[in-house]
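**Student:** My questions concern the predicted model and sequence given below.
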Amino acid sequence: MSITIDCPECDATLKFADKLAGKRVTCRDCGHKFLLEEEDDEVDDDEDDEDEEESPQKSEGAPVWPGIGAGAAIILLGLGLCILIATRKVPPPPPPPSTSPGLATPAVSQPVALFQESIVVINRVNGALTNVNDATTARAAISQLKAATQDVNDLINRASSINKPTDADVAKIKTMEGDFNAGNAQLKNQGIRIQQLISSGKIKDPEARDFTSAQNTYMAALQRLAKY
């Protein structure tokens, strides 16, 4: 085999035997002497030059696998999020409301509830009677007395249909008897005061007559309620 090469001086195409590779040879046309390089080395050099021309973006120190690094970063980020979600402490749900009998608010029995309502009615009437000092305020008190009498009659009807109070009911009612008796005492005092206004002529008929009738009806209803 031979090595084909162009003379570096006159560009003449020359052929030399393989055994002359690596030695100095002489051009037959111009007599120029030069080093005959091996053909394989030249080809390798040409291929290296072509690789450099095809990949100009590659430079020393540049990473050769940027895509792999970006993908690995995404995978690590996703893995970190999964670990964070899995290890996040979820607050426990609030405890259900206690159903312990010892903590529950006991319901008020019917006898106790009726007694409490009677005290409310008495206090409402006392508030109305406190303002009575003439015929105009007497008329307003008469309306309050009639409404209170109806409330007391309703309490009597309800009291007649409930069971007999238990010992616990009686004990509870006794704790409220002070308020009940104080309200009745105030009612009597208010009645005496208003009768004095009637006697002095500050409250005349028909207000005086109507007030006395409404007061007596109301007090009778209270006495019937007290029997229950």
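**Tutor:** Everything's here; your move.
**Student:** CA only for contacts and neighbour counts going forward, please
**Tutor:** Fine.
**Student:** how's the chain carved up into domains?
**Tutor:** Per the record, the chain has its domains at 2-53, 110-226, by automatic domain parsing.
**Student:** So which of those is the most surrounded?
**Tutor:** Ranked by mean neighbour count under mean count of other C-alpha atoms under 10 Å, the domains of the chain are led by domain 110-226, which reaches a mean of 16.
**Student:** End to end on that domain, go ahead and measure it.
**Tutor:** Using C-alpha to C-alpha, to the nearest Å, one end of domain 110-226 lies 15 Å from the other.
**Student:** which other helices and strands contact the host helix or strand of I194?
**Tutor:** Here I194, judged by DSSP states H and E, is contained in helix 167-199. Judged by 3 or more C-alpha pairs under 8 Å, 6 or more residues apart in numbering; DSSP states H and E, helix 167-199 is in contact with helix 110-130.
**Student:** What are the contacting residues of the helix or strand that the helix it packs on is followed by?
**Tutor:** Later in the chain than helix 110-130, the nearest helix or strand by DSSP H and E is helix 135-159. When contacts are defined by C-alpha atoms under 8 Å, 6 or more residues apart in numbering, helix 135-159 is touched by residues 111, 114, 118, 121-122, 125, 128-129, 131-132, 202-204, 207-208, 210-211, 214-215, 217-218, 221-222, 224-225, 228.
**Student:** let's go with 6 Å and repeat that
**Tutor:** Contact with helix 135-159 is made by 128-129, 132, 203, 211, 214, 218, 225, as judged by C-alpha atoms under 6 Å, 6 or more residues apart in numbering.
**Student:** what would these look like in JSON lines with distance to F180?
**Tutor:** Compiled in JSON lines, those are given as follows (distance: C-alpha to C-alpha, whole Å):
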{"residue": "A128", "distance to F180": "17"}
{"residue": "L129", "distance to F180": "17"}
{"residue": "V132", "distance to F180": "22"}
{"residue": "I203", "distance to F180": "29"}
{"residue": "F211", "distance to F180": "23"}
{"residue": "A214", "distance to F180": "20"}
{"residue": "Y218", "distance to F180": "15"}
{"residue": "L225", "distance to F180": "12"}
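**Student:** Now for those residues: which two are most distant?
**Tutor:** I203 and L225 (29.8 Å; C-alpha to C-alpha).
**Student:** Run through the chain and note the low-pLDDT ranges.
**Tutor:** In the predicted model of the chain, residues 1, 39-108, 227-228 satisfy pLDDT under 70.
**Student:** Need the phi and psi values for T166.
**Tutor:** phi -80, psi 170 (degrees, to the nearest 10).
**Student:** show me what contacts it?
**Tutor:** Under the criterion of C-alpha under 6 Å, 6+ apart, T166 has no contact partners.
**Student:** And it, how far from N216?
**Tutor:** With the distance defined as C-alpha to C-alpha, T166 ends up 32 Å from N216.
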